[in-house]
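>>> Got a sequence here, can you build the structure:
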Amino acid sequence: MKKKMVSLMMVGALTATALVGCGSSGKGSGDSSGETGKKDSNPTAKAVDASKEGDNELSVYAWDAGFNIPALKAAEKAYQKKNPDFKLNIVETADSTEVQNRIILAGSAGDYSTLPDITLFQDHGIHNYYTQYPDVWTPLGDKDAEWNDFSQEKLSYSTIKNKHYGYPVDNGAVIFAYRTDILQECGYTMDDVTGITWDKWLEIGKAVHDKTGKYLLSMDNSGNDLPYMMLQAEGVSQFKKGKAALTKDEKIAKIFEVLQKAKDNGSLLLCNSWSDYTDQSIQGDQVAGVMNGNWIIPTMQKVTENSGKWAITTMPTLSGEQGYASNGGSSLYITAACKGKKAKLAKDFLHYTFGGGEGATSTYDEALTEGGVISTYAPAGKSDVYSKGVEFFENQPIYQTIVEYGTHVKAVEQSDYHYELRTNVNTAITNLTQKDKKARPSIKDALKEAEETTNSKIEADAQ
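Have a look, this model is predicted:
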């Protein structure tokens with residue numbers, strides 16, 4: 001009931017807005033990460049006059065002019081080799097939230113003609129919006145892709161009720177990057193931080209902070225993704241059978257203990273906002289380590305004086321095995337507005353480019369060079385573009401490596417309430433790391449509160 005009320009309120013707020021149609025007039029997240037990102041001051045997407053679109057044209061919503069949109073332009077260019085007259089009308093939205101609002105408006109009104117043929121959508125949000133508006137989304141059906149060549153974890157988002165709905169765009173595989181010059185100053189090498197336990201990492205982190213004052217890791221605590229990534233590397237979800245489950249698996253408590261110890265010994269810097277995280281801790285040169293989805297790389301590269309001083313590796317784990325996780329990302333979906341010949345064209349276009357068809361290599365190569373978009377399609381990592389060394393990262397072939405990382409990420413249970421739980425986990429971390437240790441709750445109690453708060457919301461929405 002509450003979800004319907006929210007939808008109706010959103011309809012009232014957006015009714016006057018012009019939208020894109022298919023055959024009629026009418027972007028951690030992270031916009032590029034699927035989680036957090038820059039916000040455009042213009043809240044309204046530029047409308048496309050769909051009445052002027054021919055049968056060989058498609059419209060698409062996407063955000064982020066420096067990331068997702070270059071990838072779509074690369075796909076258009078690649079498909080034109082097969083279909084020279086094809087045109088892709090890209091409608092840049094302010095951010096991923098605007099796309100969500102468009103879905104709410106169309107789904108609540110039952111008028112899908114107001115949607116574009118294709119839309120980019122955040123991975124972590126798609127299950128929620130499918131649950132609320134199942135008729136908006138078109139299953140891919142007869143146009144299959146080379147699914148076995150994609151990260152299965154990535155596909156776990158866009159596969160709903162055993163049907164494929166989306167084509168992956170980017171690779172959210174997590175990297176752990178370290179300043180090799182600072183490690184060396186403290187007596188360590190990249191080998192010392194690869195395939196280690198979190199306990200060993202805590203030891204190294206303390207040594208680095210004691211000697212240099214730099215943190216081996218930082219995160220935006222207003223949207224803290226560390227627990228999710230660390231637990232996924234263990235193969236553990238924060239949900240079980242649709243409910244928040246933070247108190248049943250001892251690995252969850254151990255991960256939160258690591259976070260608490262890291263904050264206490266100077267290994268971890270918890271920032272107050274996204275801008276503090278990116279502008280102050282990473283670009284402000286406060287850290288000797290960065291762990292996040294690989295979309296964080298362009299943020300790191302803005303500090304040009306640190307070129308050649310970074311290298312990437314895998315995550316630590318509780319056991320010491322090399323850890324793999326994914327954080328953020330998006331996929332492309334065909335909407336219910338796209339029918340008949342247009343639907344057939346949309347499926348063929350997406351399969352040929354992002355789905356592993358004949359144009360996949362050129363699409364992904366250009367998406368990488370023009371927008372920094374790294375594919376989750378394993379064969380893409382074999383191209384010359386992907387295998388080239390990157391000067392900023394000591395000439396490591398990081399793009400090829402990141403694609404390989406993505407193949408190892410374990411799929412864990414996802415939930416419509418991912419962000420709801422993340423908010424409650426943020427509160428738990430804040431309480432567990434407050435300066436007055438006597439005022440801190442136990443880890444067990446903090447997790448119990450986050451779990452119960454999330455499940456109360458789940459149960460209320462079900463009524």
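
>>> Going by C-alpha atoms from here, please, whenever you check contacts or count neighbours.
Will do.

>>> Okay, strands next: where are they in the chain?
57-62, 87-92, 118-122, 159-160, 163-164, 166-168, 174-179, 217-220, 239-240, 243-244, 268-271, 289-293, 310-313, 330-334 (DSSP state E).

>>> so can I have TSV of the ones you listed showing mean neighbour count and mean pLDDT?
Output for these, formatted as TSV (neighbours: other Cα atoms under 10 Å; pLDDT from 0 to 100):
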stretch	mean neighbour count	mean pLDDT
strand 57-62	25	96
strand 87-92	20	95
strand 118-122	26	96
strand 159-160	16	92
strand 163-164	16	94
strand 166-168	27	94
strand 174-179	25	98
strand 217-220	24	96
strand 239-240	16	96
strand 243-244	21	96
strand 268-271	21	97
strand 289-293	24	97
strand 310-313	24	98
strand 330-334	26	96
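
>>> As TSV, the ones you listed with distance to residue 443 would be great.
Shown next, in TSV, are the strands of the chain (distance: least, Cα to Cα, whole Å):
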stretch	distance to residue 443
strand 57-62	40
strand 87-92	43
strand 118-122	31
strand 159-160	34
strand 163-164	39
strand 166-168	37
strand 174-179	26
strand 217-220	20
strand 239-240	18
strand 243-244	16
strand 268-271	18
strand 289-293	23
strand 310-313	29
strand 330-334	33
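
>>> residue contacts, the residue nearest to residue 311 when sequence neighbours are not counted?
Distance criterion Cα to Cα, 6 or more residues apart in numbering; nearest residue to residue 311, sequence neighbours excluded, is residue 393 at 4.8 Å. By Cα atoms under 8 Å, 6 or more residues apart in numbering, the contact set of residue 393 is 307-312.

>>> re the thing from before, out of the strands of the chain, which gets nearest to residue 410?
Within the strands of the chain, the stretch nearest residue 410 is strand 174-179; the backing value is 12.1 Å (Cα to Cα).

>>> in the protein, which residue is closest to the centre?
By Cα atoms, centre = their mean, the chain has its centre lying nearest to residue 328, at 1.0 Å.

>>> Quick check, pLDDT for the residue nearest to residue 391 when sequence neighbours are not counted.
Counting by Cα to Cα, 6+ apart, residue 308 is the residue found nearest to residue 391 once chain neighbours are left out, at 5.8 Å. Note on residue 308: pLDDT of 98.

>>> ok, residue 308 - how many residues close by?
17 (other Cα atoms under 10 Å).

>>> where does it sit relative to residue 349, distance-wise?
39 Å (Cα to Cα, to the nearest Å).

>>> now do residue 258
In terms of Cα to Cα, residue 258 sits 46 Å off from residue 349.

>>> out of the two, which sits in the more crowded spot?
residue 349 (24 against 19).

>>> Is the more buried one in contact with residue 79, as I believe?
Yes - Residue 349 is within contact range of residue 79, at 6.5 Å (criterion: Cα atoms under 8 Å).

>>> Please tell me how far stretch 280-289 is from the chain's geometric centre.
21 Å (Cα atoms, centre = their mean, to the nearest Å).

>>> quick check: domain ranges of this structure?
Per automatic domain parsing, the structural domains of the chain span 2-172+328-387, 174-325+412-462.

>>> Any idea how far the last one is from the middle of the chain?
By that I understand domain 174-325+412-462. 16 Å.

>>> cool, and stretch 389-406?
On Cα atoms, centre = their mean, the centre of stretch 389-406 falls 19 Å from that of its chain.

>>> Please spell out which residues along that stretch are buried.
Going by neighbour count (16 or more other Cα atoms under 10 Å), the buried part of stretch 389-406 is 389-390, 392-394, 396-406.

>>> Likewise for stretch 250-264?
251-253, 255-256, 258-264.

>>> Identify those among those residues that sit within helices.
251-253, 255-256, 258-264 (DSSP state H).

>>> which one of the buried residues of stretch 250-264 sits closest to residue 207?
residue 262 (11.8 Å).

>>> Do I have it right that that closest one meets residue 203?
No - contact criterion Cα under 8 Å: residue 262 and residue 203 do not qualify, at 9.3 Å.
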